[in-house]
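A.B. asks: coords please:
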Amino acid sequence: MDDAAELIELLSERRLTVAVAESLTGGLLVAELIRIPGASAVILGGVVAYNTALKHSVLGVDAALLAEHGPVHPEVARQMASGVREVLAVDGRRADVGLSTTGVAGPQAQDGHSPGTVFLGLALGDDVSSLRLDLVGDRQTIRNRVVFESLLRLKEALSAG
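C.D. replies: Next comes the predicted model:
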């Protein structure tokens, strides 16, 4: 069984829902999750906030934070993960889990961050955290690796909890 299938099974067993906020992955993460039959029971949807302004206007990331640090920052990832849980609420019930990706896929640096600098955000219950990744490779390799690491991190968090 692949990582996405294992994750969907784990979420289903725990009756948890997930909302995804993506920047550099541009929808790849939610697409990987919904590739699995039965994903509709646990995956609410995804928001691709590729433009920095959308991180504020759609996901509620603090505008001052974005102005000072730009979108490649651990707190941005945390706020994206928290915000998407609310934005994709269904019938007034927010997602149990928020997962986010923000960073630089390349090929050029962005705001002083080299390609491969990525932050994953995870909001699970009252715990909101971020993880920095320093990846190497071309643009597509970095984006694919972010998807893999996101699935792995969520699976680990659910297994630990």
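A.B. asks: R143 contacts G27, correct?
C.D. replies: No. R143 is beyond contact range of G27, at 10.2 Å (criterion: C-beta atoms under 8 Å). Backbone N, C-alpha and C define where each C-beta goes, glycine included.
A.B. asks: now A109: how far from V87?
C.D. replies: 30 Å (C-beta to C-beta, to the nearest Å).
A.B. asks: where along this protein do the strands fall?
C.D. replies: With DSSP state E as the criterion, the chain has strands at 18-22, 43-48, 97-103, 117-124, 127-134.
A.B. asks: so which elements touch the second one?
C.D. replies: This points to strand 43-48. In terms of contacts (3 or more C-beta pairs under 8 Å, 6 or more residues apart in numbering; DSSP states H and E), strand 43-48 is packed against strand 18-22, helix 28-34, helix 74-87.
A.B. asks: list the buried residues in that strand.
C.D. replies: Along strand 43-48, these residues count as buried under the neighbour rule (16 or more other C-beta atoms under 10 Å): I43, L44, G45, G46, V47, V48.
A.B. asks: Serialize the residues you listed to CSV and add fields for pLDDT and distance to D62.
C.D. replies: Output for those, formatted as CSV (pLDDT from 0 to 100; distance: C-beta to C-beta, whole Å):
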residue, pLDDT, distance to D62
I43, 98, 27
L44, 98, 23
G45, 98, 23
G46, 98, 21
V47, 98, 17
V48, 98, 20
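A.B. asks: so for I36, which of the strands of the chain sits nearest?
C.D. replies: Nearest of the strands of the chain to I36, taken as C-beta to C-beta: strand 43-48 at 8.7 Å.
A.B. asks: distance from the longest helix seen in the chain to the middle of the chain?
C.D. replies: As assigned by DSSP state H, the longest helix anywhere in the chain is helix 139-160. On the basis of C-alpha atoms, centre = their mean, to the nearest Å, helix 139-160 sits 9 Å off its chain's mean C-alpha point.
A.B. asks: residues contacting R143?
C.D. replies: By C-beta atoms under 8 Å, 6 or more residues apart in numbering, the contact set of R143 is L24, T25, G26, L28, A105.
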